[in-house]
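>>> Whatever this is, show me its structure:
(one chain, ligands or ions: 1)
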Amino acid sequence: SDYALKYPLSPAHMDWASHYPGFVNPDASQTTLAGTRKLLKDVEVADIGCGFGGLLIGLAPVLPDTLMVGMEIRAQVTEFLIARIAALRAQQVQLRSGGQVSASSTKATNPSEAKETQAQEIDIPEDAPALPGAAEENTAIVSGGYQNITAIRANTMKFLPRFFGHHQLSKIFICFPDPHFKARKHKARIVSSSLNAEYAFVLRPGGLLYTITDVEEYHRWILEHFGVPIPEVETTAPAEPSEQSEKKDEEQDGADSDSDDESGQARVKELFERVSDEELAKDECARVMREETEEGRKVARNNGPKFVAVFRRLPDPEWP
Ligand code: SAM
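Down below sits the predicted model:
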């Protein structure tokens with residue numbers, strides 16, 4: 001449960017060094033408020049509800065000098081992703097040294113326990129993708145060697161500003177968020193006026209917040225909560241009803257239960273503008289988001305729709 005989750009006291013207390021050993025500041029006197037080593041640069045990209053990490057793994061070579069973190073609430077999934085990244089890193093080290101890559105030589109270790117040399121046994125979730133070392137995994141040398149990605153277990157609905165400072169992030173991704181169809185469950189959605197205010201706090205002006213979902217009603221919810229006029233129909237794929245949207249029709253009982261106060265909602269909406277399709281067509285990160293998350297692959301296999309909306313964080317207005 002959430003009770004077991006650990007959150008830093010503030011961004012200045014966050015121990016990132018164990019997550020990004022390749023980016024630790026060589027000056028050992030540079031320490032965080034928790035006494036751990038500082039990094040050479042700040043984490044800049046967050047994948048909210050990252051699941052098995054397909055997005056991060058796809059983005060790692062696209063932004064090889066940018067530090068990215070996946071945040072995931074399920075313990076087993078987070079553990080798996082940490083092991084997957086460790087295995088990818090190990091595989092890259094081997095490829096660079098001209099060695100043969102084998103499953104046993106890339107056995108996963110947990111980067112948050114980087115000092116441990118022993119490989120760590122983890123429970124593999126049922127629907128998890130293959131770990132590197134299996135024949136089908138990529139064996140090309142990848143720019144950055146996956147040193148720039150990591151995962152942490154967290155409920156992102158709580159304390160996000162304790163991980164990231166004001167304007168720290170340049171990109172936030174929310175890919176295939178759990179739809180929570182019933183109106184009384186809408187409060188569990190990770191897009192809401194109050195959470196959007198937190199995203200606006202940690203995202204820098206000019207930064208981008210990317211969303212993708214296969215649930216049209218959730219897409220419209222997202223547009224509404226970022227202050228975008230809602231179009232009649234907007235789709236990028238066949239209009240066959242997905243299993244989820246059928247379930248939605250059965251389950252949804254109408255009312256919007258987002259009960260945030262209205263002036264706050266209006267203000268949050270002033271902080272974002274929607275990015276145009278022309279701009280997105282040139283954005284490699286948007287392509288990775290459409291094609292490389294595990295949930296996105298599943299939707300594609302089922303010939304389901306994908307609804308994309310990306311928002312630019314505007315400069316802070318002059319509020320009284
Ligand atoms: N983004 C991934 C993808 O596209 O493949 C996973 C999508 S999956 C449908 C939604 C993920 O969000 C799940 O892994 C779930 O555990 C995670 N999640 C849901 N609520 C969360 C929260 N409050 N904090 C962190 N992760 C959350």
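>>> From here on, just use CA atoms for contacts and neighbour counts.
Noted.
>>> Correct me if wrong: residue 268 contacts residue 196.
Yes - with contact defined as Cα atoms under 8 Å, residue 268 counts as touching residue 196 (6.9 Å).
>>> Now the common contact residues for these two.
In terms of Cα atoms under 8 Å, 6 or more residues apart in numbering, residue 268 and residue 196 are both contacted by the residues residue 226.
>>> helix/strand/coil for residue 70?
For residue 70, the assignment made with DSSP: H, G, I helix; E, B strand; the rest coil gives strand.
>>> Can you give me the neighbour number for it?
For residue 70, the tally of surrounding residues (other Cα atoms under 10 Å) stands at 26.
>>> again, but for residue 27
Using other Cα under 10 Å, residue 27 has 11 other residues around it.
>>> Doesn't it belong to a helix?
No - using three-state DSSP, the secondary structure at residue 27 is coil, not a helix.
>>> what about the stretch 201-320 of the chain, any weak spots by pLDDT?
For the stretch 201-320 of the chain, the stretches flagged by pLDDT under 70 are 232-262.
>>> any chance you could map the helices in it?
Shown for the stretch 201-320 of the chain, the helices assigned by DSSP state H, counting those that start in this stretch span residues 216-225, 243-251, 262-269, 277-281, 284-292, 294-301.
>>> Need the winner for burial among these.
helix 216-225 (a mean of 20; mean count of other Cα atoms under 10 Å).
>>> for this structure, what's the longest strand?
What stands out as the longest strand in the chain, according to DSSP state E, is strand 203-213.
>>> Given that one, what are its sheet partners and their directions?
With DSSP bridges as the test, strand 203-213 is paired with strand 169-175 (parallel), strand 307-313 (antiparallel).
>>> Show residues contacting it.
The contact list for strand 203-213 (Cα under 8 Å, 6+ apart) reads 166-177, 219, 286, 289-290, 306-316.
>>> middle-most residue in the protein, spatially?
The chain has residue 47 as the residue nearest its centroid, 1.1 Å off, counting by Cα atoms, centre = their mean.
>>> Wait, a strand at that residue?
Yes - the assignment for residue 47 by three-state DSSP puts it in a strand.
>>> Could you double-check that it lies in contact with residue 69?
Yes - between residue 47 and residue 69 there is a contact under Cα under 8 Å: 6.2 Å.
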